[in-house]
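[1] Could you work out the structure for the sequence below:
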Amino acid sequence: MAWKKDPALYWKEAPRRVHDYLVPSIDQYYNGNPQMQRDEAMRSCVIAGMNLMLVAKSMGYDTCSMYGLDFDIVAKLLRIPAEQSSYNYI
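    The predicted structure follows:
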C-alpha cells in the first residue's frame, strides 16, 4: 500500500502547494475505503497488463485481453505440466 507507506515520495518533485494539497488527500481518499483500494489495485494491474501487451507487440506478437478461459485447456494446449499450471495458484 504505497498510499499508506510514504505517499509524499511520489510527489516530492511537485511544486510545494501541489504537494501540500495532494499528500494529505491521498490518505483521505484510500484510508477506510477498501473498495477504492481494490479498484486502484485493479487499475494498476490493467496498466501493467497493457504494458506487457505493448512490449509483446513491439516484439512482433499479437495479444488480446480475455476472461472466462478454461485454465486446464490452455495449460494442455501450451503443454504446461499440471503441477506448474497457474491454475494451481488461483
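[2] quick one: Tyr10 and Met1, what's the gap?
    13 Å (C-beta to C-beta, to the nearest Å). Bear in mind the C-beta positions are built from the backbone N, C-alpha and C, glycine included.
[3] Neighbour count: the two, which is higher?
    Just comparing Tyr10 and Met1: by other C-beta atoms under 10 Å the higher neighbour count belongs to Tyr10, 14 against 10.
[4] Let me know the pLDDT of the more buried one.
    For Tyr10, the pLDDT comes out at 85.
[5] host element of Asp39?
    Using DSSP states H and E, Asp39 maps to helix 34-58.
[6] Enumerate the helices of this protein by residue range, in sequence order.
    2-5, 16-30, 34-58, 71-77 (DSSP state H).
[7] Let's have those in TSV, adding mean pLDDT.
    What follows is those, written out as TSV (pLDDT from 0 to 100):
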stretch	mean pLDDT
helix 2-5	80
helix 16-30	91
helix 34-58	93
helix 71-77	84
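[8] Mind putting those into JSON lines with mean neighbour count and distance to Cys64?
    Output for these, formatted as JSON lines (neighbours: other C-beta atoms under 10 Å; distance: least, C-beta to C-beta, whole Å):
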{"stretch": "helix 2-5", "mean neighbour count": "12", "distance to Cys64": "30"}
{"stretch": "helix 16-30", "mean neighbour count": "13", "distance to Cys64": "31"}
{"stretch": "helix 34-58", "mean neighbour count": "11", "distance to Cys64": "8"}
{"stretch": "helix 71-77", "mean neighbour count": "12", "distance to Cys64": "14"}
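[9] wait, what's in contact with Leu69?
    Contacts of Leu69 were listed using C-beta atoms under 8 Å, 6 or more residues apart in numbering, and none were found.
[10] any idea how far Gln35 is from Trp11?
    Distance from Gln35 to Trp11, by C-beta to C-beta: 24 Å.
[11] Just put the helices of the chain in CSV and tack on distance to Ser65.
    Shown next, in CSV, are the helices of the chain (distance: least, C-beta to C-beta, whole Å):
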stretch, distance to Ser65
helix 2-5, 25
helix 16-30, 26
helix 34-58, 7
helix 71-77, 14
